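Trainee: coords please:
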Amino acid sequence: MQKDGPARATLWKVRILKGILMALALQLGVGTVTSAAPPLSPPRPNAFGTAQEALYPQEWLTYGENNFRNPVHPALETDPEWFKRGVQWDFKGFGALPLNGPPLSGSTSVTAYTIGMPVGVSVVKGRVIIGDDNGYTYALEAKTGKLLWSHYGWNMTMSNPLVWKDRVFVSTGNPYFNYQNVVRFLRGKQTVRGPGLNTLYALDLNTGKTIWKANARGEMMATGVIIPPVLWEPTGDGHMNGYLLDSGQRIAHVDIRSFDSMSSLLSAYDRIYLGVSNPSRFLSFSPRTKSVRWSRTFPKVYSTGMGDCTPAFSGYTVVSETTIRSGKDKAPLRNLVFALNAQTGKTIWEVPLSAGDIPPSMKTATPLIHQGIVYATSPVSREIVALRIKTGQRIWSAKLHSLSRTAGAVVGDHLIVPTSAGTIEVFDRMTGHLLKENAVGGSFGPTTPVVVGGTVYLSNLYGHVLAIPLSKLLP
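Mentor: Residues are numbered from 1 along each chain as shown. Reported below is the predicted structural model:
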């Protein structure tokens, strides 16, 4: 949640009390504890106290922490000076490459699928938690970047780790098809994406030890959503699964016909929203009735464009993006940003962005919403736009110097956008004027920057987690 009224501590106490009361009312059982894969180093004792933990968000229930997809928490006047100034560190995961060096085999895609930290960090209770495509999940001290624990998950981790109470939830999977499923996909039949061990883990926040784990037939690359007492997770075999947070018991296994690629779930008003592929649709799912409430299709959708984008939400409007065919030979694709009525699925507006060539890997970018404005980027054409959420009217558009698979984060009057070239471009959020370009190195994937106090936390496809003082990035 974005907080500008009550004090931070009061808000988190209310949230925690609500969670405890709900858990007691439902009288859920606790699952069997299983052994975790050996960490890279033994868990460190907690090096910071509750006062430091209270400076940070206390839970992370959805991708990007909130439905606006803008996880920004400015410092309060009473916060410690070091917290307001921001911290700087660089954590290198297993196999990380130098930020000033070349990618593996000369390919950013190869690097991303081997050691990359693609979708961004979760920052909770003084910890930075991140998964990587090497199969590891790391918990780091947010102030220093020191490793607290690591966990090995036997498959790629492309999800945002979710945090509820003292548990971290991590889902794994990969984007591949075996030959049989390639044939089924080409024939338009229901298929299974993600061979291998696809697992949802519940880990102890303090030690990284596995509390429970649940396997699925298809990949679980997308970030699920926590609606206590259940975690909902889409799968590569075309299902929506529901798991009890305490025990891992699967209480729902609903056939939604299409597979989810990287469209992380959005929860609002007793509904879950997501994009799916094969067939390509945008869905509203009811966790109460365990059924699809409405489904929207769009013409000319290309590949997994609909199933790659994570939607954002404000009021009664859900906003997402897909990739469609443009009909042009030299610029065959374009991104389409659209807004739907969350209750009915009726189109409010559609805004096609500039046409361009086929980009590598993911072909859409997660939009963000701030104060009635939608910010969206196009991996196809490198266009970035600001649109009015009520009408879709363009406020401004600009051209990124390099493609981006994220709309970035709004901090005050600035929009900060990481790019595939390893830069962070800073725009005036109201005019679209480029104010500053910061060279960081490596390459940024669909990572959403997290701003807490005076620090920006990002993950990099070269296998790094970075903490950068906000003051160093802004003009």
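Trainee: now do the strands in the stretch 1-150 of the chain.
Mentor: Per DSSP state E, counting those that start in this stretch, the stretch 1-150 of the chain carries strands over the ranges 72-73, 89-92, 122-124, 127-131, 136-141, 147-152.
Trainee: to I373, which of those strands lies closest?
Mentor: Ranking those by distance to I373, with CB to CB as the measure, places strand 72-73 first at 14.3 Å. Every residue, glycine included, has its C-beta placed from N, CA and C.
Trainee: packing partners of that closest one?
Mentor: strand 409-411, strand 450-452 (3 or more CB pairs under 8 Å, 6 or more residues apart in numbering; DSSP states H and E).
Trainee: summarise which helices and strands the last one is packed against.
Mentor: Contacting strand 450-452 under the criterion 3+ CB pairs under 8 Å, 6+ apart are the following elements: strand 72-73, strand 122-124, strand 409-411, strand 455-460.
Trainee: any idea how far the residue positioned nearest the centre of the chain is from L274?
Mentor: The centroid of the chain falls nearest to Y63 when counting by CA atoms, centre = their mean (4.1 Å). Look at Y63 and L274: by CB to CB, to the nearest Å, they are 11 Å apart.
Trainee: between these two, which contacts overlap?
Mentor: Common contact partners of Y63 and L274 (CB atoms under 8 Å, 6 or more residues apart in numbering): 264-266.
Trainee: now do the contacts for G372.
Mentor: Residues near G372 by CB under 8 Å, 6+ apart: 314, 388-390.
Trainee: which residues touch T172?
Mentor: Neighbours of T172 in contact, by CB under 8 Å, 6+ apart: 131, 135, 153-157, 159, 197-201, 219-221.
Trainee: can you select the buried ones among those for me in PyMOL?
Mentor: Remark: buried members of the contacts of T172, expressed as a PyMOL selection using 16 or more other CB atoms under 10 Å:
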select buried, resi 131+135+153+155+156+157+159+198+199+200+201+219+220+221
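Trainee: what about the contacts of T172, which are in strands?
Mentor: In strands, defined here by DSSP state E, the members of those are 131, 198-201.
Trainee: what's the most distant pair in those?
Mentor: Across the ones in strands among the contacts of T172 (CB to CB), the longest gap, 13.6 Å, separates G131 and N198.
Trainee: if I look at K390, how far off is G315?
Mentor: From K390 across to G315, the span is 9 Å (CB to CB).
Trainee: give the bridge partners for Y273, please.
Mentor: Listed by DSSP bridges, the beta-bridge partners for Y273 are L266, S284.
Trainee: what of E425?
Mentor: V417, E437.
Trainee: does it touch H414 like I think?
Mentor: No - using CB atoms under 8 Å, E425 is not in contact with H414, being 10.4 Å away.
Trainee: who has more neighbours, those two?
Mentor: Just comparing E425 and H414: by other CB atoms under 10 Å the higher neighbour count belongs to E425, 23 against 20.
Trainee: quick one: that one from Y302, how far?
Mentor: Distance of E425 to Y302, computed by CB to CB: 26 Å.
Trainee: do the same with A342
Mentor: Taken as CB to CB, the span from A342 to Y302 is 25 Å.
Trainee: tell me which of these two has more neighbours.
Mentor: Using other CB under 10 Å, the more surrounded residue of A342 and Y302 is A342, with 22 against 19.
Trainee: how much space is there between the more buried one and A331?
Mentor: Computed as CB to CB, the A342 to A331 distance reads 33 Å.
Trainee: any weak-confidence spans in this structure?
Mentor: The chain contains residues with pLDDT under 70 at 1-49.
Trainee: most distant residue from the centre of it?
Mentor: Outermost residue of the chain with respect to the C-alpha centroid, by CA atoms, centre = their mean, is D329; its distance is 32.9 Å.
Trainee: list the contacts of S258.
Mentor: With contact taken as CB under 8 Å, 6+ apart, S258 is in contact with 238, 276-281, 283, 307.
Trainee: can you pick the most crowded of these?
Mentor: Neighbour max across the contacts of S258 (other CB under 10 Å) = G307, 28 neighbours.
Trainee: just say helix, strand or coil for that one.
Mentor: Secondary structure of G307, reduced to three states by DSSP: H, G, I helix; E, B strand; the rest coil: helix.
Trainee: didn't it look like it was pressed against D260?
Mentor: Yes - between G307 and D260 there is a contact under CB under 8 Å: 5.6 Å.
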